[in-house]
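Novice: What would the 3D arrangement of this be:
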Amino acid sequence: MSDEASPPRAASQSGAHRFASNARSVARKLALQALYRWQLNDCPWQDLVQEFAREDGMDRADDEYFRELVSGVCGSRPALDSELAAWMDRSPAHLDPIEHAVLLIGAFELKARPEVPYRVVINEGVGLAKRFGATGGHKFVNAVLDRAARSLRPNEH
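Specialist: Numbers count the residues shown, from 1 in each chain. Next comes the predicted model:
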């Protein structure tokens, strides 16, 4: 009887994991939009969090993760840009704002969220770049985040 009870629990846990993953994906998408806006019109990160709290989709997002991404990227952008510069062939200042925001999010997650597998960080970044970035920009994002993962997480890569 306990064997029969296990599959539903596993399915339930899998469903919860999918919800958590989807909620983080939505948080990343909204963080990308907030950081894009921040690059065009600088403001305190708290204003972005407050502004985007009313955005469509925030009810499906992991709002704590969104807040962490926005505050973390805004608070450490100079350091993140310095590291990004080592993994690419151009200055971060010359990047398209969408690709730049995706790379900032990815670099932040690779550094600050070791429990998120590097493959998830890369996959999410590539997905955002495909959806919102320039044609072919996802290939650049993939290459840079792969280099970042090799550097920041050598034991995981």
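Novice: F52 and L35 touch, don't they?
Specialist: No. Here F52 does not reach L35: they are 10.2 Å apart, not a contact under C-beta atoms under 8 Å. Any C-beta I mention is one placed from the backbone N, CA and C, and that applies to glycine too.
Novice: between these two, what contacts are shared?
Specialist: Any residue near both F52 and L35 by C-beta atoms under 8 Å, 6 or more residues apart in numbering counts here, and that gives V70.
Novice: These two: which has the busier surroundings?
Specialist: L35 (25 against 20; other C-beta atoms under 10 Å).
Novice: Just the CA trace of stretch 51-63, in CSV.
Specialist: Extracted as CSV, the C-alpha positions of stretch 51-63 are listed here (Å, rounded to 0.1, in the frame of the first residue of the first chain):
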residue,chain,number,x,y,z
GLU,A,51,6.6,49.6,-10.1
PHE,A,52,6.8,46.0,-11.3
ALA,A,53,4.7,44.7,-8.4
ARG,A,54,1.7,45.8,-10.4
GLU,A,55,2.9,44.2,-13.7
ASP,A,56,0.9,41.6,-15.5
GLY,A,57,2.2,38.2,-14.5
MET,A,58,3.6,39.2,-11.1
ASP,A,59,0.9,37.1,-9.4
ARG,A,60,2.5,34.0,-11.1
ALA,A,61,6.1,35.0,-10.2
ASP,A,62,8.3,34.2,-7.3
ASP,A,63,8.2,37.8,-6.0
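Novice: how about L110, what does it touch?
Specialist: Neighbour list for L110: 118, 121, 145, 148-149, 152-153 [criterion: C-beta under 8 Å, 6+ apart].
Novice: So which of those residues are in strands?
Specialist: With strands taken from DSSP state E, there is no overlap with these.
Novice: Now the two most distant members of these.
Specialist: The most widely separated members of the contacts of L110 are L145 and R153, with 11.0 Å between them, by C-beta to C-beta.
Novice: Those two - which one has more neighbours?
Specialist: It is L145, of L145 and R153, that has more neighbours when counted by other C-beta under 10 Å, with 28 against 15.
Novice: For the more buried one, which residues are in contact?
Specialist: By C-beta under 8 Å, 6+ apart, the contact set of L145 is 103, 106-107, 110, 121-122, 125-126.
Novice: Good, wrapping up.
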